[in-house]
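Engineer: Here is my input, please return the structure:
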Amino acid sequence: KAMDIRAGDILQLKKPHPCGERRFRVLRTGMDLRLQCLRCGHSLMMPRLKAEKSIKAILREEEPQCL
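Structural biologist: Numbers count the residues shown, from 1 in each chain. This next block holds a predicted model:
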C-alpha cells in the first residue's frame, strides 16, 4: 500500500543529499515524486517506490481543524 505523501510535506530521508541535507520538500506526487532539497534548493525526480523505501520520517505541518 502506498504511503500518504502529499505536496508540501517535508521528507527526512535515510541518505543525505551531496550537500549534506537529509530533508526534502515534496513539490509533486504521482508515480514519481519531485523533491526539493531544503539546504541547496536542488530539485530531483525520484520513483515513488524508491522514495518510500528511503523515507525515515514524514514531517507535516498539520492543517488547522475547522469547527
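Engineer: what's the closest residue to C40 other than its chain neighbours in contact with, if anything?
Structural biologist: In space, and not counting its chain neighbours, C40 is closest to C19: 4.4 Å by Cβ to Cβ, 6 or more residues apart in numbering. Any C-beta I mention is one placed from the backbone N, CA and C, and that applies to glycine too. Counting by Cβ atoms under 8 Å, 6 or more residues apart in numbering, C19 makes contact with C37, R39, C40, H42.
Engineer: same thing with R23?
Structural biologist: I10, L11, Q12, L13, C37, L38, L59.
Engineer: which stretches of the chain have low pLDDT?
Structural biologist: 1-2, 62-67 (pLDDT under 70).
Engineer: quick one, helices of it?
Structural biologist: 48-54 (DSSP state H).
Engineer: hang on, the earlier thing: in a markdown table, list the contacts of C19 along with distance to E52.
Structural biologist: Output for those, formatted as a markdown table (distance: Cβ to Cβ, whole Å):
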| residue | distance to E52 |
| --- | --- |
| C37 | 18 |
| R39 | 22 |
| C40 | 23 |
| H42 | 21 |
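Engineer: Of those residues, which pair is most distant in space?
Structural biologist: The span of these, defined through Cβ to Cβ, is set by R39 and H42 at 8.8 Å.
Engineer: Now do the shared contacts for these two.
Structural biologist: Joint contacts of R39 and H42 (Cβ under 8 Å, 6+ apart) are H17, C19.
Engineer: Out of the contacts of R23, the closest to E52 would be?
Structural biologist: Closest approach between these and E52, by Cβ to Cβ: L11, at 9.7 Å.
Engineer: Report the beta-bridge partners for the closest one.
Structural biologist: L11 has these beta-bridge partners by DSSP bridges: F24, I58.
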